[in-house]
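> heads up, no residue letters with this:
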């Protein structure tokens, strides 16, 4: 396993979270795998869901080999994370995968094909700190491959695009460039795009259960129910994830939105007025592109929608941060009073 440079107590060791289910974690250390939970102290000091371990996290733990269990003392700093707003009405961050080098954005070349959804994935991937790669799966089911690749190229500026077919065994050599010892990749996409099939294909054996596509629309059935870290034969690491029915932004910087919509940002820079709202101003390059067809209305609408969603999330997060800070000081004052009782 990859080594960390931090100093440990004599009873502590490093581990990596392989899977998580309802507050329990499968943890891998140099000594083996354990069922783990966070300590009471960890739970007390955590300010929110994002402070708890996620799949891919490196942690400091204390092993109990005789019980095949371990206790997690702390999570080490993450160098990247792919997050989304947790499903439901509450504004809570859900970390899908942590410490990833490459984020494979998987989209099937059959009925699942949806460029607007890919724009959302790209925005979130740029914000994760990982390098995005678009992975177009089920190429054997696509009759208009060149046209679909071209439509992806129009929105995935500067992002590698790879077409693969596990059934036809094509594209594996291109994927190899993104794997290496000590590297971690995550497969992200909606249900049935073939993420688990690709994981099995790369491993050369059945490690993830898969279901056949439905006969009426060629869509794969939802199979993977939890995120899981898998070690490939050559030491590479992949994280397979359940299909995401909801993919709401958690947070995204202006830079990540600019990366995803480089064409629109380039047009906006040509507008006559610097503060152009792209509505009725004279000399608006964005409106001109829309009128001539150089920019599609659907892409521009997607850009505006993500901007509005991002602004809403920021307002929500500001409220959440104030509440967290208030709760943190409440804990501090409570501890001080207890100390002097």
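Looks like it arrived, so ask away. The shown structure was predicted, so the numbers you read here are calculated from the model rather than taken from an experiment.

> please count neighbours and contacts with C-alpha atoms only from this point.
OK.

> what helix or strand is the most centrally placed residue in the chain located in?
For the chain, residue 82 is the residue whose C-alpha lies nearest the centre (Cα atoms, centre = their mean; 3.1 Å). Applying DSSP states H and E as the criterion places residue 82 in strand 81-85.

> how about residue 201?
Using DSSP H and E, residue 201 falls within helix 195-203.

> again with residue 35
For residue 35, the host element (DSSP H and E) is strand 32-38.

> near residue 130, how many other residues are there?
Neighbour count of residue 130, defined by other Cα atoms under 10 Å: 23.

> ok so, going back, how about the residue nearest to the centre of the chain: what's its closest non-neighbour residue?
Closest residue in space to residue 82, ignoring its immediate chain neighbours: residue 128 at 4.8 Å, by Cα to Cα, 6 or more residues apart in numbering.

> residue 19 and residue 34 touch, don't they?
No - shown here, residue 19 and residue 34 do not form a contact pair, counting by Cα atoms under 8 Å, at 10.8 Å.

> name the residues contacting each of those two.
Between them, residue 19 and residue 34 share these contacting residues under Cα atoms under 8 Å, 6 or more residues apart in numbering: 26-27.

> pretty sure residue 271 sits against residue 289.
No - counting by Cα under 8 Å, residue 271 sits too far from residue 289 to count as a contact (11.0 Å).

> which of these two has more neighbours?
Set side by side, residue 271 and residue 289 show more neighbours around residue 271, with 20 against 15, by other Cα under 10 Å.

> what about residue 73, is that helix, strand or coil?
strand (DSSP: H, G, I helix; E, B strand; the rest coil).

> wait, isn't it in contact with residue 53?
No - if you go by Cα under 8 Å, residue 73 and residue 53 don't touch, sitting 10.3 Å apart.

> how far away is the closest residue to residue 137 other than its chain neighbours from residue 151?
Spatial nearest neighbour of residue 137, excluding adjacent residues (Cα to Cα, 6+ apart): residue 108 at 4.5 Å. Counting by Cα to Cα, to the nearest Å, the gap from residue 108 to residue 151 is 14 Å.

> of the two, who's got more company?
Higher neighbour count among residue 108 and residue 151: residue 108, with 27 against 12, using other Cα under 10 Å.
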